[in-house]
Structure formats: C-alpha cells, structure tokens
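J.: sequence and computational prediction follow.
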Amino acid sequence: MGVLGVSLVSRAEPPDTLRTVNRWLARERFPIRARSVFMATDNKADLTDSYAWGVGVGLGYQTPVLFRHLQLGGTVFVSKNLLSSDLATRDPLTNQPNRYEAALFDLRQPGSHRLLHRIESLYGQWRFGSKGSLTVGRQLPRSPFINPQDGRLAPTMVEGLVGQYDLTPNTRVQVDYLWRMGPRSTLGWYGIGQSVGQHGVGVDAEGRASQYAGNTRSGHIVQLGLTHKIGPVVVQLWDTRVANLFNMSYLRADASLPAGAKRGILLGVQAARQWAVGEGGNPERTKAYIPPGSRSLTVSGRVGYQTPRWTVHLNATRITAEGRYLMPREWGRDPWYTFLTRERSEGTGDMTALSANLIMTPGSRFRAEVGAGYYHLPDVKRYSLNKYGLPAYGQLNLNLNYAFAGHLNGLETGVLWVYKGAQGPTYNNPRYVYNRVDMSQLSVLVNYHL
C-alpha cells in the first residue's frame, strides 16, 4: 500500500522539465507599448501648413534572469502614417522640406504610407546584483547629450557596450562605448560618422550648404559619467569623446534646499566645454562636421521654488561667441535648463536665452506645464554663429498630461501647443521663417504601456 501511494503521488506531480518550463514562462516578460501622435503645424500666411497622424506598436521580449546574472531582450517597433498632408512636397516659396511631421516617420521617404518597421533593441545584460549592470547591443541611450529625445513616434537608440555601477549608495559611474546609432525619424542603423547628417545639416561658417552628410569619418563614441550626491546636492560629471570629431566635457549640479513643510528652493548650474578632435570628421575642411581648432563654451543656470502642487523655474543659458555649440541632432536634444520642446540652441554661438516654467500637479495623475522663453540668437546672416538660419525668437509652450488608473492603467494622454514668434530680422526672406518662427503647432499624444 505504501509503494502504491508513492507511485500515485509521483504520477500526479509534473516532471522536472515541465516545472522548469512553467517557472520560465512565469518569469518571462512581453512588454508592449503603443503610441499615437497627431501633429499639425500652422505657418505664416503663404507658407505651407502640414499635419500628420501616425501610430506605432512596440513588441518586446525579455527572458528571466539566467544563471543569476544574465538577461536577454529585444523589441521590434512597427509604425504607419495613417493620415497626413503631402509631406514629400517642398514648400513652393522656400523650396524647403517639411521639418516636423515628416520626422514622425522616415525622413528618407516622407511621402510613404506603407508599414514601417525596425528592430529597436536587441541586447544582453549582465547584472552585478543590485549594484549595476553591463549591457551590450541595441538599447536606449541615457546621457546628457545622447538621449532618446522621445518627441516623435519612436526614440533614438544606440548600439554598443554600456556599463553602470554604484560605487557607494551615493555614487554611480557609467561607461559607454558606442559604435552604431539608430536615430529617431529613420529606420536604419548607422555607423557613428554615417549617422551624422541624417537630419538637416544647415550651413557652414561661410553660409554655404554644409557638406558633412555622408562625408563624416568617425568610428566610435566613448562616454564617462559620474553622478554623486552630497547632502542636498547632486553633481554630474560627463565626458563625451567622439572619435575624429570632438570632445564635450559637461558639469551639472542641482540642489533642493528645504524652505518649510514640503517646500524647497531649487538651484542648478550647468557648464560645457567643447573642442574639435582630429580632422573634425574629414580632412577636407569644407566637408568637416566641426572645423579643426573650433571651440565652444556653454553655461546654464536655474533657480526655482517647489511645493507639493506646483513648481516654478527661472532659467538662463549663455553660449559664448567663441564658436558654435555643435551636437548631431540625430543623437539627442539639448540638456540646458532653457530647453523648450520643438526647438534647440544647437548650432549657435553668442546666444542668450531666458525662460520660465510653471509646473502644476493638482493630483497624482494630472500634470500641466506652461513654459515661456526668449532666445536672442545672432543675426541669421552671421553664419559662423547661426548654423540653421534661426532668427531671435520668443516661444510659448502649453503641455497637459494625464495618466489613467484602474482598468485603464498604463494609458497616458498628452496635449502640447507651441507658438514661436520672430524677435529678430528675417530680411523678408521666408526661408528664415518657414517652420522656424511665426508659427504654432498642436500635438496630441496617446501612449499605452503593458
């Protein structure tokens, strides 16, 4: 009877292989994200107005942690232009292409309505317990100048080796070695030099159309980052070296000082020094991304006040007249405190910016932000310090976001309205106006994460 009882119990239990499979399946992850973006730009009279509605779905897979340290994963992103104006046709007055709506999809084929797809991430990660990780492959970038800049359907991605480690509870180091880029608004993966110029290229210091697209030689990027917390102050030190192009050293310090019950005074400072390295991208000066000997210096500051329901920031940025601050727009957006969505300070020198932000959070799921700024740029014909022909301008942003709960948990909506008005001369040349100033734009975003 005892032998029979043992036999019956053993038959009722699943075999070891089945239990292993069940454990594996229970710990797998299949992350899904969906995104819808509607964007409409209203330009000055006689200039082309545009609109587009695009949707995308990201399907991912992530293994359980193997051998206590290893995890593998990947994501495929599929997107489509559902409805739009003619994004392939240039504006007849300026002969310039669409700037904003076409960037929702693939800039190389702006008129396409076919299904677009890209392997977004594909990586292996070795974890060092809770202290850090080493990730190799395609992944999201996380640094001040190389970042997802996720304002379109799909973000910028990088391919390389990224290590992060907590030396102490208050000190983290990051080391990146990157060899390929997957810029947003493109479907391809490019070598470092090849990725430069996939977006707009502007003009060189003499006012001629830049020729560095397709002619930039650079094999890798090395980044070193250190983040350290000292009491209420968080300090970041970063050095970004792009082979044969430039070096960018960056310092940031942010502090939150108590100013009463659940209130605080916010202080921040940033500084960045950039200089050309090697050939600046090409031995022919006319084809170089950054001419040898070029340098730039940028400083930015912030003061603010924070309560549980609202926060206010006053910001300032100065790029000196020593030279243009340059950073490939394919790689990320500006980190400066004065940054407002839909425009950048990259490509300028002798630039002064002042801005203010009011952020309201009356509840845990609703966020409203008003941002306003004045950006004093060099004259549009001062080509050596104004790469993209952008006149001085004022900008106003209104951004509303709501995150749902309950059965709709994971669903987020957002509305962004932007106005940019010219504050500098445009010489009656619509090229300095179209999709730059005297324009407004409405964006409606819906995101879902599972």
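T.: Happy to help now that I have it. Residues are numbered from 1 along each chain as shown.

J.: neighbours around residue 108, how many?
T.: 12 (other CB atoms under 10 Å). (Glycine included, C-beta is placed from N, CA and C.)

J.: any idea which element it lies in?
T.: Using DSSP states H and E, residue 108 sits in no helix or strand.

J.: that one and residue 197: what is the separation?
T.: 12 Å (CB to CB, to the nearest Å).

J.: what do you get for residue 410?
T.: Going from residue 410 to residue 197 by CB to CB gives 37 Å.

J.: those two: which is more packed in?
T.: Shown here are residue 410 and residue 197; by other CB under 10 Å, residue 197 has more neighbours (21 against 15).

J.: that one and residue 212 touch, don't they?
T.: Yes - Residue 197 is within contact range of residue 212, at 5.5 Å (criterion: CB atoms under 8 Å).

J.: joint contacts of these two?
T.: Residues touching both residue 197 and residue 212 (CB atoms under 8 Å, 6 or more residues apart in numbering): residue 289.

J.: please name the nearest non-neighbouring residue to residue 398.
T.: Distances taken as CB to CB, 6 or more residues apart in numbering place residue 417 nearest to residue 398, at 4.6 Å, with adjacent residues excluded.

J.: phi and psi next, for the one you found.
T.: phi -120, psi 130 (degrees, to the nearest 10).

J.: got a list of what the residue nearest the centre of the chain touches?
T.: Centroid check for the chain by CA atoms, centre = their mean gives residue 149 as the closest residue, at 1.5 Å. Residue 149 sits next to 155-156, 184, 332-333 when contact means CB under 8 Å, 6+ apart.

J.: which one of the residues you listed is nearest to residue 247?
T.: The shortest approach to residue 247 among those belongs to residue 332, at 16.4 Å (CB to CB).

J.: doesn't residue 145 make contact with the closest one?
T.: Yes - using CB under 8 Å, residue 332 is in contact with residue 145, at 5.4 Å.

J.: so where's the protein shaky on pLDDT?
T.: Across the chain, the ranges flagged by pLDDT under 70 are 1-26.

J.: what's the biggest strand in it, counting residues?
T.: strand 70-84 (DSSP state E).

J.: name the helices or strands packed onto it?
T.: Using 3 or more CB pairs under 8 Å, 6 or more residues apart in numbering; DSSP states H and E, the elements in contact with strand 70-84 are strand 50-62, strand 116-128.

J.: same list (those) but as TSV, adding distance to residue 192.
T.: Converted to TSV, the helices and strands packed on strand 70-84 look like this (distance: least, CB to CB, whole Å):
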stretch	distance to residue 192
strand 50-62	25
strand 116-128	18
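
J.: among these, which comes closest to residue 440?
T.: Nearest of these (CB to CB): strand 50-62, 12.3 Å.

J.: got the CA positions of the closest one in PDB?
T.: Presented in PDB, the C-alpha positions along strand 50-62 are these (Å, rounded to 0.1, in the frame of the first residue of the first chain):
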ATOM      1  CA  SER A  50       1.100  70.500 -42.500                       C
ATOM      2  CA  TYR A  51      -0.500  67.800 -40.500                       C
ATOM      3  CA  ALA A  52       0.100  64.100 -39.800                       C
ATOM      4  CA  TRP A  53      -1.400  61.300 -37.700                       C
ATOM      5  CA  GLY A  54       0.900  58.300 -37.000                       C
ATOM      6  CA  VAL A  55       0.600  55.200 -34.800                       C
ATOM      7  CA  GLY A  56       3.200  52.700 -33.700                       C
ATOM      8  CA  VAL A  57       3.400  49.500 -31.700                       C
ATOM      9  CA  GLY A  58       6.400  48.100 -30.000                       C
ATOM     10  CA  LEU A  59       6.500  44.300 -29.200                       C
ATOM     11  CA  GLY A  60       9.200  43.200 -26.900                       C
ATOM     12  CA  TYR A  61      10.500  40.100 -25.200                       C
ATOM     13  CA  GLN A  62      12.700  39.700 -22.100                       C
END
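
J.: now the angle between strand 116-128 and it, please.
T.: 40 degrees (axes from the mean of the first three to the mean of the last three CA atoms, to 10 degrees).

J.: got the buried residues for strand 50-62?
T.: 50-56, 58, 60, 62 (16 or more other CB atoms under 10 Å).

J.: same question, stretch 291-306
T.: Within stretch 291-306, the residues that count as buried by 16+ other CB under 10 Å are 291, 294-302, 304, 306.

J.: again with stretch 307-321
T.: 311-313, 315-320.

J.: residues contacting residue 231?
T.: No contacts exist for residue 231 under CB under 8 Å, 6+ apart.
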